[in-house]
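Enquirer: need coordinates for the following:
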Amino acid sequence: MKITHLGLGVAFFLAGCNIFNPSDDVSVDTSDASMLTYEGQSRFRDGEYQNAANYFKNAILDDSTKSEAWFGLSKANLYLYCNSPFDLIGELDTEADIPLMNLDSAEIAMYFKAVNSSLIPLRELIRRDTLTEQDPTLKLSDRVVTYSNFSASHAILEFAYTILRFRYTNASSISVSLNEDGSINLDIQNLYEQSLSDKSVAEQLNRSIDSLKEDLSTTLDIILPKASQYIDDANASQLIGEQIEANAETVQNSIAYYKLGDEIDNDGDGCVDEEILDGKDNDGDGLIDEDLRLVPIITTETETIIEVGEDSLDHDMNGIKEDLGERMLLTNGRLLFAEDFDKLYKMDSLRTKVRQAIAKDTDSTNIQIPLSKRQKLIGRCWNNYTEETFKTWFRNR
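Expert: Have a look, this model is predicted:
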């Protein structure tokens, strides 16, 4: 799930009229809105961000078409809650699977509040600018500041917002860190234990994952391409374009791999909630603790005992629910039913693409990848399906 080089690469061409640049200026006329905006800009340059925000709000109350006031309020809010917004760009420029995931809860709360408060007036400015551009008679914006002036900044903020909202929503129950290879390690032990007695906790996590997936889809497929159209620098525009092409589909599909106990095959291997929470690759597909089942697990010095789940599932789809093969671990951490599965890796691009396509193949009335093709290209639990049981795969999808 690589989303790399979005930050500093973009930062190099963030100049002039943008959200992150601390300097600003404005032309002044004799109207109250212009004077209030000028005072807001003056307070902003002096680092009085709360006072600046108040002036910009009053300017908007006096004249809601004042684009400089909307823009100024967005900047003032960002700096009010985050003293060094360029640090946010640095956090985005990472080799991690998903940036911002390695921040602690206090940093997440700070950045989320700053980005969210900055985007509220900025989105309104964009709405007004777009509608006025389409129909000048509406006069919702004076268009002194237009979307083309801050498109790159907006793209960065929206991208950061998608990740920050997910982390902020789950901050109390998920600890996220980075492995040495840059991959994500989601420590959901506390959430897992809570979910055993209250499944709504797991359902909240799954809803958050769905929201993150949808937000990323909007940001990567709509906002970033639109922003790239307004960026004059050819290299910068190409950078954003390549970023979208390289990451959008991967992230949108693979983030759902980490849903918990939803009784669905999330990772396209035909197995249903097959892995256990033990930090190991139980089914040999190169992923760790994905498509988790929600069952009690007892670990001793000599063995790991996997209990039967409340909703008793047929994890390997061999026709027997919770049989020994689904509950016995081998010394290498593999589940017994997956003992003979060939080892897969995250970078096995052909199988990865097929599994991502399978995850999107949810309409039983218009099946894109038939069972026979899944058995040939993926194998694994797909080999246990019949055409009749294959129909059950599409339930709840």
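
Enquirer: mind checking pLDDT for Ala246?
Expert: Here, the pLDDT recorded for Ala246 equals 48.

Enquirer: could you do Asp267 as well?
Expert: 91.

Enquirer: just Gly241 next, same as before
Expert: 44.

Enquirer: try Gly286
Expert: The predicted local confidence for Gly286 is 84.

Enquirer: test my guess that it contacts Leu344.
Expert: Yes: using CB atoms under 8 Å, Gly286 makes contact with Leu344 at a distance of 4.9 Å. Any C-beta I mention is one placed from the backbone N, CA and C, and that applies to glycine too.

Enquirer: comparing these two, which shows the higher neighbour count?
Expert: Between Gly286 and Leu344, counted using other CB atoms under 10 Å, the more crowded position is Leu344 (20 against 15).

Enquirer: pretty sure that one sits against Glu290.
Expert: No: counting by CB under 8 Å, Leu344 sits too far from Glu290 to count as a contact (11.8 Å).

Enquirer: and stretch 286-303, how far out from the chain middle?
Expert: On the basis of CA atoms, centre = their mean, to the nearest Å, stretch 286-303 sits 25 Å off its chain's mean C-alpha point.

Enquirer: this protein: strands as residue ranges?
Expert: 175-178, 184-187, 297-299, 304-306 (DSSP state E).

Enquirer: wait, what's in contact with Tyr147?
Expert: Ile126, Asp129, Thr130, His154, Tyr230 (CB atoms under 8 Å, 6 or more residues apart in numbering).

Enquirer: likewise for Leu88?
Expert: Counted by CB under 8 Å, 6+ apart, Leu88 has contacts Cys82, Tyr111, Ala114, Val115, Ile156, Ala160.

Enquirer: with adjacent residues omitted, what lies nearest to the first one?
Expert: Counting by CB to CB, 6 or more residues apart in numbering, Cys82 lies nearest to Ala114, which is 3.6 Å off, once chain neighbours are set aside.

Enquirer: wait, that neighbour sits on Ser84?
Expert: No: counting by CB under 8 Å, Ala114 sits too far from Ser84 to count as a contact (10.1 Å).

Enquirer: where does the stretch 51-200 of the chain dip in pLDDT?
Expert: Within the stretch 51-200 of the chain, the segments meeting pLDDT under 70 span 93-99, 101, 171-187.

Enquirer: where do the helices sit along it?
Expert: 67-81, 85-92, 105-134, 147-169, 189-197, 199-218 (DSSP state H, counting those that start in this stretch).

Enquirer: buried deepest among these, which one?
Expert: helix 67-81 (a mean of 25; mean count of other CB atoms under 10 Å).

Enquirer: with just CA atoms, put it into PDB.
Expert: These are the backbone C-alpha positions of helix 67-81, laid out as PDB (Å, rounded to 0.1, in the frame of the first residue of the first chain):
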ATOM      1  CA  SER A  67     -12.300  35.000  -1.500                       C
ATOM      2  CA  GLU A  68      -9.300  36.400   0.300                       C
ATOM      3  CA  ALA A  69     -11.200  36.100   3.600                       C
ATOM      4  CA  TRP A  70     -12.200  32.500   3.000                       C
ATOM      5  CA  PHE A  71      -8.600  31.700   2.000                       C
ATOM      6  CA  GLY A  72      -7.200  33.600   5.000                       C
ATOM      7  CA  LEU A  73      -9.500  31.800   7.400                       C
ATOM      8  CA  SER A  74      -8.300  28.500   6.100                       C
ATOM      9  CA  LYS A  75      -4.700  29.400   6.600                       C
ATOM     10  CA  ALA A  76      -5.300  30.900  10.000                       C
ATOM     11  CA  ASN A  77      -7.100  27.800  11.200                       C
ATOM     12  CA  LEU A  78      -4.300  25.600  10.000                       C
ATOM     13  CA  TYR A  79      -1.600  27.600  11.800                       C
ATOM     14  CA  LEU A  80      -3.800  28.000  14.900                       C
ATOM     15  CA  TYR A  81      -3.800  24.300  15.600                       C
END
